[in-house]
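Participant: Build me a structure from this.
(2 chains)
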Amino acid sequence: MEALIDLLQQNALMPRAEMAKLLDLNVDELNKTIAQLESDGVILGYQAIINREKWETDKVTAVIEVKITPERDGGFDRIASRIAKFEEVQSCYLVSGGYDLLIIVEAANLRQAAAFVAEKLSTIDAVQATATHFRLKTYKENGAFHLMESATERLAVSP
Amino acid sequence: MSIRIAEHVRDIPRSGIRDFFEVVQSMGDVISLGIGEPDFATPWHIREAAIYALERGRTGYTSNLGLPRLRRSISDYVQRHFALRYDSHTEILVSVGVSEALDLALRALLNPGDEVIYHEPCYVSYAPSIVLSRGVAKAVQTRGEDGFSLRAEDVEKAITPRSRVLMMNFPTNPTGATMEPDELEKIAAVCVKHDLVVLTDEIYSEVLFDGGTHTSIATMPSMRERTVFLHGLSKAFAMTGWRIGFACAPADLIEAMMKIHQYAILCAPIMGQDAAIEALDRGENSVEKMRREYELRRNFITSSLNEMGLACRKPHGSFYVFPDIKSSGLTSREFSLRLLHEKKVAVVPGTAFGPAGEGHVRCSFATAMEQIKIAMERMSEFCAELRA
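Facilitator: Modelled structure (predicted):
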């Protein structure tokens, strides 16, 4: 199962026949397993990893640290899911350390990102403070490097 | 004037791999399954540790036996993985790859005319190393039907009053053969009975599949005192170019090997030794990640070869498959050359690893999946055209 998850994470588009061969399964078994993982909610979806250095848009990405006041009932959960529901929020994590939530926000441009922080996020009662960091350059994303190492030269045949 | 070359060197035939390499070199656009080294670069944390050591100016000679810190790491690693205990002060020598350690052991052990038993098909350097040490190479053939494992009875049949050493390599390059512990125990008993020293090259012992575990012959009864355990960082840690291997053996033999090593080599490069410390102490996750990738590729390449009509056993270790190509009606060499010229795929003829390799070719799956896929498509076309 772990090997299957690894393969899907590396390349979900790999033809199922090839994936089956790698895992030493037949295609029907494999399809059944994947369908099960999907219906169990283990696999939430499949996405492309975009190199933003090559696909330039006005879009901006910001990492925002959010300090919040937890609630008597439910702790951070209700407020975290309230924040996570904004469509600008791509990811939202509860973290240990000097702040509580780490959120990754994507907005059409800088103005909209700023507006999201000022008008939506900071105005929520439980939010005590925010610190916004805009992304300048990406070196690695979802395990994929944007600056690849050059393939090393190996001898064509070696013992 | 032509310079006279020493006879025992002159008489060593050119390596079959080298011949083949030259043909491949002369052609462009070849997909090679002929490469005996990992396609991964050394894991980053290991490279980073070596860079850090260089930044601190660690560029000098080391002790002849190798950095004491590295020998401690080796001692711990060998105990963890092989259940073998060696004293890091007196029983471990760091060498320039396993090849050097093997050469040192042979030179330290053999008197001219002493016989060394080894199993074929095997790594290309074994027989020449024996000859260069003035020994007599005695090959024992392993068989496809045994999965190229070694039988104790075959070892015993090869023994003469001059037999001194048994050389073993499991998992095996080129066949991917592994040994069952009970047969290993029988071989150990033969070695004790006939007073043989065993050189065991266990360089592929981390690259095991199907949840298998590795047993070293050095752990068998009465074997530690007559075994030279050889291992290195090249394969499991993807560190071929760093050239770091090691030998573990009783102190008096290590002392004798060190005598040769200090005059011939002085010490293994310190950069490689520093990197090796990081690898052995903290590299297990990286090794496991690569091992898992090899296992997927093994599954893929084995089923592909069987589908195209080349009978291929699924090896339990190493990163080689050794399919039977007799159904093609060609010899190993013809098969490899025609495949190369007609489909631009390089595999190594089984005969490069000894006559027992006839009827087989070695395909390495230490090659990126994309390349393996294309190679399998082309080989499949080749086999279909041969049948047509």
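
Participant: Give the burial count for the closest residue to chain B within chain A, as a bare number.
Facilitator: Chain B sits closest to A:Val157 of chain A, with a gap of 3.7 Å, by Cβ to the nearest Cβ. In short, each C-beta sits where N, CA and C put it, glycine included. Other residues near A:Val157 come to 27 when the count uses other Cβ atoms under 10 Å in any protein chain shown.

Participant: try B:Gln25
Facilitator: Here the neighbour count serves as a burial measure; for B:Gln25 (other Cβ under 10 Å) it reads 12.

Participant: Chain A versus that one, what's the distance?
Facilitator: Between B:Gln25 and chain A the computed distance is 6 Å (Cβ to the nearest Cβ, to the nearest Å).

Participant: circling back: in this structure the residue of chain A closest to chain B contacts B:Asp19, no?
Facilitator: No - between A:Val157 and B:Asp19 there is no contact, the gap being 9.6 Å when judged by Cβ atoms under 8 Å.

Participant: Quick check: residues of chain B near chain A?
Facilitator: Proximity of chain B to chain A, by Cβ under 8 Å from any Cβ of the partner chain, involves residues B:15, B:17, B:20-21, B:24-25, B:30, B:32, B:34-37, B:39, B:41, B:123-125, B:173, B:292, B:295-297, B:299-300, B:303-304, B:346, B:348, B:369, B:373.

Participant: quick one: which of these sit in helices?
Facilitator: B:17, B:20-21, B:24-25, B:292, B:295-297, B:299-300, B:303-304, B:369, B:373 (DSSP state H).

Participant: Now which of the residues you listed would you call buried?
Facilitator: For those, a burial check counting by 16 or more other Cβ atoms under 10 Å in any protein chain shown picks out B:17, B:20-21, B:24, B:295-297, B:299-300, B:303-304, B:369, B:373.

Participant: Give me the residues contacting the lowest-mean-pLDDT helix or strand in chain A.
Facilitator: Lowest by mean pLDDT, DSSP states H and E among the helices and strands of chain A is strand A:144-145, with a mean of 75. With Cβ atoms under 8 Å, 6 or more residues apart in numbering or on different chains as the contact definition, strand A:144-145 has outside contacts at A:49, A:139.

Participant: residues touching the closest residue to A:Ala84 other than its chain neighbours, list them.
Facilitator: For A:Ala84, the nearest residue in space outside its immediate sequence neighbours is A:Cys92; the separation is 4.1 Å by Cβ to Cβ, 6 or more residues apart in numbering or on different chains. By Cβ under 8 Å, 6+ apart, the residues touching A:Cys92 are A:80, A:83-84, A:101-104.

Participant: helix, strand or coil for A:Cys92?
Facilitator: For A:Cys92, the reduced secondary structure class is strand; criterion used: DSSP: H, G, I helix; E, B strand; the rest coil.

Participant: can you pull up the bridge partners for it?
Facilitator: A:Cys92 has these beta-bridge partners by DSSP bridges: A:Ile103.

Participant: how much space is there between it and A:Leu121?
Facilitator: Computed with Cβ to Cβ, to the nearest Å, the distance linking A:Cys92 and A:Leu121 is 11 Å.

Participant: quick one, strands of the chain?
Facilitator: All of this is about chain A. Secondary structure of chain A (DSSP state E): strands located at A:60-68, A:89-94, A:101-107, A:127-134, A:140-141, A:144-145.

Participant: wrong chain, I was asking about chain B
Facilitator: Using DSSP E, the strands of chain B run over residues B:31-32, B:92-95, B:115-120, B:136-141, B:163-168, B:197-201, B:227-232, B:245-248, B:320-321, B:345-346, B:348-349, B:361-364.

Participant: Let's have the ones you listed in JSON lines, adding mean neighbour count, distance to B:Cys191 and mean pLDDT.
Facilitator: Shown next, in JSON lines, are the strands of chain B (neighbours: other Cβ atoms under 10 Å in any protein chain shown; distance: least, Cβ to Cβ, whole Å; pLDDT from 0 to 100):
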{"stretch": "strand B:31-32", "mean neighbour count": "23", "distance to B:Cys191": "38", "mean pLDDT": "94"}
{"stretch": "strand B:92-95", "mean neighbour count": "27", "distance to B:Cys191": "22", "mean pLDDT": "98"}
{"stretch": "strand B:115-120", "mean neighbour count": "25", "distance to B:Cys191": "10", "mean pLDDT": "98"}
{"stretch": "strand B:136-141", "mean neighbour count": "18", "distance to B:Cys191": "13", "mean pLDDT": "97"}
{"stretch": "strand B:163-168", "mean neighbour count": "24", "distance to B:Cys191": "6", "mean pLDDT": "98"}
{"stretch": "strand B:197-201", "mean neighbour count": "24", "distance to B:Cys191": "6", "mean pLDDT": "98"}
{"stretch": "strand B:227-232", "mean neighbour count": "27", "distance to B:Cys191": "8", "mean pLDDT": "98"}
{"stretch": "strand B:245-248", "mean neighbour count": "28", "distance to B:Cys191": "17", "mean pLDDT": "98"}
{"stretch": "strand B:320-321", "mean neighbour count": "26", "distance to B:Cys191": "26", "mean pLDDT": "98"}
{"stretch": "strand B:345-346", "mean neighbour count": "24", "distance to B:Cys191": "38", "mean pLDDT": "96"}
{"stretch": "strand B:348-349", "mean neighbour count": "28", "distance to B:Cys191": "30", "mean pLDDT": "95"}
{"stretch": "strand B:361-364", "mean neighbour count": "28", "distance to B:Cys191": "28", "mean pLDDT": "97"}
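
Participant: Would you format those strands as TSV with distance to A:His133 included?
Facilitator: Rendered in TSV, the data for the strands of chain B read as follows (distance: least, Cβ to Cβ, whole Å):
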stretch	distance to A:His133
strand B:31-32	45
strand B:92-95	46
strand B:115-120	61
strand B:136-141	66
strand B:163-168	58
strand B:197-201	53
strand B:227-232	45
strand B:245-248	47
strand B:320-321	49
strand B:345-346	50
strand B:348-349	53
strand B:361-364	46
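
Participant: out of these, which comes closest to B:Tyr86?
Facilitator: Smallest distance to B:Tyr86 across these (Cβ to Cβ): 4.3 Å, for strand B:245-248.

Participant: For the closest one, which outside residues touch it?
Facilitator: If you take Cβ under 8 Å, 6+ apart as the criterion, strand B:245-248 is touched by B:66, B:74, B:78, B:84, B:86, B:91-101, B:104-105, B:203, B:218, B:228-234, B:254, B:257.

Participant: and residue 121, what does it touch?
Facilitator: Going with chain A. In this structure, A:Leu121 makes contact with A:64, A:66, A:83, A:86, A:127, A:130, judged by Cβ under 8 Å, 6+ apart.

Participant: should've been chain B
Facilitator: Under the criterion of Cβ under 8 Å, 6+ apart, the neighbours of B:Pro121 are B:142, B:148, B:172, B:174-175, B:322, B:350, B:353-354, B:356-357, B:360.

Participant: where does it fall, phi/psi-wise?
Facilitator: The phi and psi torsions at B:Pro121 (degrees, to the nearest 10) take the values phi -70, psi 150.

Participant: what bridges to B:Val348?
Facilitator: When B:Val348 is checked against DSSP bridges, its beta-bridge partners turn out to be B:Arg362.
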